[in-house]
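Undergrad: Turn this into a structure:
(chains A, B, C and D)
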Amino acid sequence: MLVEIVAEIDLNRAFRHLQTEGAGGINLFIGTVRDHANGKKVRLLEFEAYIPMALLEMQRIGQKAMERWALERVVIQHVTGEKKVGEPVVITGASSAHRAAAFEASRFLIDELKKTVPIWKKEYYEDSSVWVNAYP
Amino acid sequence: MLVEIVAEIDLNRAFRHLQTEGAGGINLFIGTVRDHANGKKVRLLEFEAYIPMALLEMQRIGQKAMERWALERVVIQHVTGEKKVGEPVVITGASSAHRAAAFEASRFLIDELKKTVPIWKKEYYEDSSVWVNAYP
Amino acid sequence: MKILLFGIAREIAGQQRLEVPPDEQPETVADLRAWVNKRYGALAGLKSFAIAVDNEYAEDHVKLYPSSEIALIPPVSGG
Amino acid sequence: MKILLFGIAREIAGQQRLEVPPDEQPETVADLRAWVNKRYGALAGLKSFAIAVDNEYAEDHVKLYPSSEIALIPPVSGG
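TA: The predicted model follows:
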């Protein structure tokens, strides 16, 4: 299990970790900065993490995926700091003998990450900024 | 739409193609050579393609995905030639504003590819070889 | 008329293409299937085979012309 | 007792951590929530906030100790 908080997403590192002799299918999900949100033009995103707890939560989620599916390996990488439009900010991935498990586990990892991992995103628009999801 | 038959899978090229300003989620599926099949140890795989028709079929599948989901871009790469255990042999991928469409489209692409694209795989074991799926 | 062969079909026939003699030219895909089954019985042992005409899967009723690019497609196994 | 702040909570409070005066030490997570709501009313306007104790989400009944690492977790938005 490769779980890390990084300054830059490393796609090749994630892929190499998932590559095993028993793997027939590898799924990678990469979240990237989209140019619009809430009808506004996004200029950049800033990510802040409660790093020790975020790493523990990411490991917990990875462990849960390993228990639920027959996986070879699991990857979760998340950035902190500022990211421009188009840049990757998160990778989740899983490898398995068969593709169904790899797809399902990778989806589970990103869905869970968004629910529980203590990382926060601030969106900067042309003329304002907002912490995503903070207010009702 | 990036559709190609290649000697070597190029993960970074696939990712870069999917990366757009409107994309928030990118899904990549990578098929790799597994070390066992039918209870036998696999030594290597050999892929043969009817290249012009395979490219047309891959484009048709990609087009279908673009019609079915709100996608930014689509990628299908497949190799021909010999590949060793662990090596990638196929990539399917899709980018979208939201992750659900990227996951579903990438899964659709690999499922359809395996059904209709005229590419054939020969598995070499320690002491024998077989064209996969040829006989009832 | 020539028929391209791939994968196990190429191996069974021991050649990359079949040549249909001028006096046996099939008019449709169905006729071609019948000709293949008669002349190359070993191919009938495959799980299935499809016929492609000009790079598209072709149903039995599709007409064949001397200029058509015809291929015999054994069960695919890419990915 | 110190409480780590992140994201919007850090911005609202204008500081990286809250210091609980010695005579107001909460005994449980529920007590801490009450203290935060009373002292930092603006935080109550958030959609929700969780409390983490020693790097784990903690329910209301969890006991707090001076040595605990306590953090206020506003709605997460990673990914």
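
Undergrad: Show me the helices in chain C, by range?
TA: Along chain C, counting by DSSP state H, helices occupy C:7-13, C:29-39.

Undergrad: Let me see the contact set for the residue nearest the centre of chain C.
TA: Using C-alpha atoms, centre = their mean, the residue of chain C that lies closest to the mean C-alpha position is residue C:72, 3.4 Å off. By C-beta atoms under 8 Å, 6 or more residues apart in numbering or on different chains, residue C:72 lies in contact with C:3-6, C:9, C:18, C:36, C:43, C:49-51. For every residue, glycine as well, the C-beta is placed using N, CA and C.

Undergrad: In those, which has the lowest confidence score?
TA: Of all the contacts of residue C:72, residue C:43 has the smallest pLDDT value, namely 89.

Undergrad: Compute the distance between that residue and residue C:14, please.
TA: From residue C:43 over to residue C:14 the distance is 12 Å, taken as C-beta to C-beta, to the nearest Å.

Undergrad: Then residue A:95?
TA: For residue A:95 relative to residue C:14 (C-beta to C-beta), the value is 39 Å.

Undergrad: Correct me if wrong: residue C:73 contacts residue C:52.
TA: Yes: the pair residue C:73 and residue C:52 qualifies as a contact (C-beta atoms under 8 Å) at a distance of 5.5 Å.

Undergrad: could you check whether stretch A:55-69 is close to chain D?
TA: Yes: interface with chain D: stretch A:55-69 contributes residue A:56 (C-beta under 8 Å from any C-beta of the partner chain).

Undergrad: Restricting to C-alpha, output that stretch in PDB.
TA: Extracted in PDB, the C-alpha atoms of stretch A:55-69 (Å, rounded to 0.1, in the frame of the first residue of the first chain):
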ATOM      1  CA  LEU A  55      -2.200   9.700   6.300                       C
ATOM      2  CA  LEU A  56      -3.900   7.500   8.900                       C
ATOM      3  CA  GLU A  57      -7.300   7.900   7.300                       C
ATOM      4  CA  MET A  58      -5.900   7.200   3.900                       C
ATOM      5  CA  GLN A  59      -4.300   4.000   5.300                       C
ATOM      6  CA  ARG A  60      -7.600   3.000   6.900                       C
ATOM      7  CA  ILE A  61      -9.400   3.400   3.600                       C
ATOM      8  CA  GLY A  62      -6.700   1.500   1.700                       C
ATOM      9  CA  GLN A  63      -6.900  -1.300   4.300                       C
ATOM     10  CA  LYS A  64     -10.700  -1.400   3.900                       C
ATOM     11  CA  ALA A  65     -10.400  -1.800   0.200                       C
ATOM     12  CA  MET A  66      -7.800  -4.600   0.600                       C
ATOM     13  CA  GLU A  67     -10.300  -6.400   2.800                       C
ATOM     14  CA  ARG A  68     -13.300  -5.900   0.600                       C
ATOM     15  CA  TRP A  69     -11.700  -6.900  -2.800                       C
END
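
Undergrad: does that stretch come close to chain B?
TA: No: under the criterion of C-beta under 8 Å from any C-beta, chain B is not reached by stretch A:55-69; the shortest gap measures 14.8 Å.

Undergrad: quick one: buried residues of that stretch?
TA: A:55-58, A:61-62, A:65-66, A:69 (16 or more other C-beta atoms under 10 Å in any protein chain shown).

Undergrad: Which parts of the chain are strands?
TA: Reading this off chain A. Secondary structure of chain A by DSSP state E: the strands cover A:2-6, A:25-32, A:36-37, A:40-49, A:71-79, A:81-84, A:88-96, A:119-125, A:129-131.

Undergrad: Please refer instead to chain C.
TA: C:2-5, C:17-19, C:50-53, C:56-57, C:70-73.

Undergrad: State the mean pLDDT of the shortest one.
TA: Put plainly, it is strand C:56-57. Across strand C:56-57, pLDDT averages out at 98.

Undergrad: Could you spell out the sheet neighbours of it, each with its direction?
TA: Next to strand C:56-57 in the sheet, as set by DSSP bridges, lie strand C:50-53 (antiparallel).

Undergrad: any idea how far the strand it pairs with is from the chain center?
TA: 6 Å (C-alpha atoms, centre = their mean, to the nearest Å).

Undergrad: what do you get for stretch A:12-29?
TA: Using C-alpha atoms, centre = their mean, the offset of stretch A:12-29 from its chain centre is 15 Å.

Undergrad: Could you give the residue of chain A that lies closest to chain C?
TA: Across chain A, no residue is closer to chain C than residue A:99, which sits at 8.6 Å (C-beta to the nearest C-beta).

Undergrad: my read: that residue touches residue A:69, true?
TA: No: checked against C-beta under 8 Å, the pair residue A:99 and residue A:69 is beyond contact range at 11.4 Å.

Undergrad: Chain D contacts on chain A?
TA: Taking C-beta under 8 Å from any C-beta as the contact definition, chain A meets chain D at A:31, A:47-50, A:52-54, A:56, A:78, A:89-90, A:110, A:113-122, A:131-136.

Undergrad: So which residue is dead centre in chain A?
TA: residue A:90 (3.3 Å).

Undergrad: wait, doesn't that one sit right on residue A:79?
TA: Yes: when contacts are counted by C-beta under 8 Å, residue A:90 is listed as touching residue A:79 (7.1 Å).

Undergrad: Now for the two: what residues contact both?
TA: residue A:9.

Undergrad: which of the contacts of residue C:72 sit farthest apart?
TA: The distance between the two most remote of the contacts of residue C:72 (C-beta to C-beta) is 15.4 Å, for C:18 and C:50.

Undergrad: more neighbours, the two?
TA: residue C:18 (20 against 17; other C-beta atoms under 10 Å in any protein chain shown).

Undergrad: Could you report the separation of the more buried one from residue C:35?
TA: 9 Å.

Undergrad: Tell me which residues of stretch C:62-69 come out buried.
TA: C:62, C:64, C:68.

Undergrad: got a list of contacts for it?
TA: Contact partners of stretch C:62-69, identified using C-beta under 8 Å, 6+ apart, comprise C:1, C:4, C:25-29, C:31-32, C:53-55, C:70.

Undergrad: Since that was my last question, I'll sign off now.
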